[in-house]
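please find the sequence and the predicted model below.
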Amino acid sequence: MRVAVSMRWSIMISQARRSEAPLGQHPRHRLHAMIRTTPLLVLLAVACQSAPPQESAPAQVAVDGSAEPGASGDQGSRNAAEAGLAKLEKRASAADKGFTEARRAVRLKTAERELAELAAAATARDADEAVRAARVGLEVARADRARFDAMERPVKVGEAELSVGQAQERLRVAETDLLGILEIFEEESEARAKDEIIRRNQIAVQTAKQRVEHAQLKQAMVVEGELPARMAKLSEAVRAAEAKLAAAEAKAEQYKRRATLDVGVAKSEEADARKASSKAEKERAQLRKRLKAAKAKAEAAAAEGPSVESGSAADGEASPGAAASGDQ
């Protein structure tokens, strides 16, 4: 605007000079020309002083067409500040995203740790139950063997001995009867039933002897065969129960150690995730603080910019007025 007014001012002065050239020979004509051009010069000076500065232009242009040296530097500083602010905003956004991911990782590791603790508790319960069942089985096996050794075995041996004793008693009775019959029939040699009675008693004696032998054989089978086999079976059951208990205890210890290790690993991972989350939170807080300070600085610079430009514009407008007054 000031450039255009200055150009108009120059044109009008040159026209005024051309208009007064033919009349320059007479002093009165020269006086009239000056009187005619003076109001125009005053009006031009007032117009230059009242012309508003161009705020939208990136750099102020002087009357001679040269740019002001401070305008381009201020614009570069503003661009650099805006670029730094955008970079900080990008880093702050990345920090927010990283903090969100860290918090999600913490929740995940916490859930994994809780699951590991639940699994460890379930494993401990199962292992303890297996050990308890094995211990109960061992106690039952030992009780069966002790009951057999203390009760069933003596009963079986007693029964076998009793059968042998009964058979021997029958044999003794049969032999006694036979001897009595023989003594009786020694005096009666012509009795008609003598031979038959003696034969029957002899058969009874033979039968009693066979029963004794059978009872003795059965006693040997029970005492030397069945009872030792039953005792060996019960002892084997006790040994199997002991082995099962030992295996259950070893597995329980192994499972508990593994579960404890899993819980420890889960706790370590949770602690690492919490550390990472805390670090991300601190970094996010620092970036937010820096971003807030940068925004405040940019707002302050933006608030100071118009006042500085208006002051420079006022200085630029004052110079043409002064020039006009000097010309007058």
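That came in fine, so what should we check first? Everything numeric in this text was worked out from a predicted model, so none of it was measured. Numbering: from 1, shown residues only.

can you list the low-confidence ranges for this protein?
Applying pLDDT under 70 to the chain picks out residues 1-74, 187-192, 305-328.

can you pull out the helices in it?
2-20, 27-50, 69-147, 153-187, 194-221, 227-327 (DSSP state H).

same list, those, but as TSV with mean neighbour count please.
The way it works is simple: take the backbone N, C-alpha and C, and place the C-beta from them, glycine included. Shown next, in TSV, are the helices of the chain (neighbours: other CB atoms under 10 Å):
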stretch	mean neighbour count
helix 2-20	14
helix 27-50	14
helix 69-147	15
helix 153-187	15
helix 194-221	15
helix 227-327	15
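
ok, how many other residues are close to Glu224?
Counted by other CB atoms under 10 Å, the residues lying close to Glu224 total 10.

any idea how far Leu178 is from it?
33 Å (CB to CB, to the nearest Å).

ditto for Val238
As judged by CB to CB, Val238 and Leu178 stand 53 Å apart.

for Asp272, list the residues it contacts.
The neighbours of Asp272, taking CB atoms under 8 Å, 6 or more residues apart in numbering as the test, are Lys109.

could you redo the last one with a cut-off of 6 Å?
By CB atoms under 6 Å, 6 or more residues apart in numbering, Asp272 lies in contact with nothing.

what's the answer for the one 3 residues further on, then?
The contact partners of Lys275, taken as CB under 6 Å, 6+ apart, number zero.

what separation do you get for it and Glu269?
Taking CB to CB, one finds Lys275 at 11 Å from Glu269.

please apply the same query to Leu115.
According to CB to CB, Leu115 and Glu269 sit 12 Å apart.

which one is Val263 nearest to, not counting chain neighbours?
Distances taken as CB to CB, 6 or more residues apart in numbering put Ala116 closest to Val263, at 4.7 Å, once the chain neighbours are dropped.

next one: Thr100 from Glu196, what distance?
Thr100 is 119 Å from Glu196, where distance means CB to CB.

same thing with Lys256?
Applying CB to CB to Lys256 and Glu196 gives a distance of 87 Å.

go on, Gln75?
From Gln75 to Glu196 the distance is 156 Å (CB to CB).

Ala301 now?
Distance of Ala301 to Glu196, given as CB to CB: 151 Å.

cool, Glu281 as well?
In this view, Glu281 and Glu196 are 122 Å apart by CB to CB.

now swap in Ala298 and tell me
Relative to Glu196, and taking CB to CB, Ala298 is found at 146 Å.

again, but for Ser235
Ser235 sits 57 Å away from Glu196, going by CB to CB.

wait, what's in contact with Val164?
Taking CB under 6 Å, 6+ apart, we find Val164 in contact with Ala215, Gln216, Gln219.

if we can go back for a sec, do I have it right that the residue nearest to Val263 meets Val265?
No. Using CB atoms under 6 Å, Ala116 is not in contact with Val265; the gap is 7.7 Å.

before we move on, the earlier item: format the contacts of Val164 as CSV; extra columns: distance to Glu249.
Converted to CSV, those look like this (distance: CB to CB, whole Å):
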residue, distance to Glu249
Ala215, 49
Gln216, 49
Gln219, 44
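
which one of those sits closest to Asp144?
Distance to Asp144, by CB to CB, is smallest for Gln219 among the contacts of Val164, at 24.0 Å.

from Ala174, how far off is the residue nearest to that closest one when sequence neighbours are not counted?
Distances taken as CB to CB, 6+ apart place Ala160 nearest to Gln219, at 3.5 Å, with adjacent residues excluded. Separation of Ala160 from Ala174 (CB to CB): 22 Å.

same question for Gly84.
In this view, Gly84 and Ala174 are 130 Å apart by CB to CB.

just Ala124 next, same as before
73 Å.

now Ala105: closest residue in space that isn't a chain neighbour?
Leaving out its chain neighbours, the residue that sits closest to Ala105 by CB to CB, 6+ apart is Ala273, at 4.6 Å.

and the gap between the one you found and Ala266?
Distance from Ala273 to Ala266, by CB to CB: 10 Å.

cool, and Ala237?
Separation of Ala237 from Ala266 (CB to CB): 42 Å.

Ala133 too?
30 Å.

same check on Glu183?
In this view, Glu183 and Ala266 are 102 Å apart by CB to CB.

and what of Pro154?
60 Å.

do the same with Leu85
Going from Leu85 to Ala266 by CB to CB gives 42 Å.

check Arg239 too.
For Arg239, the distance to Ala266 (CB to CB) stands at 40 Å.
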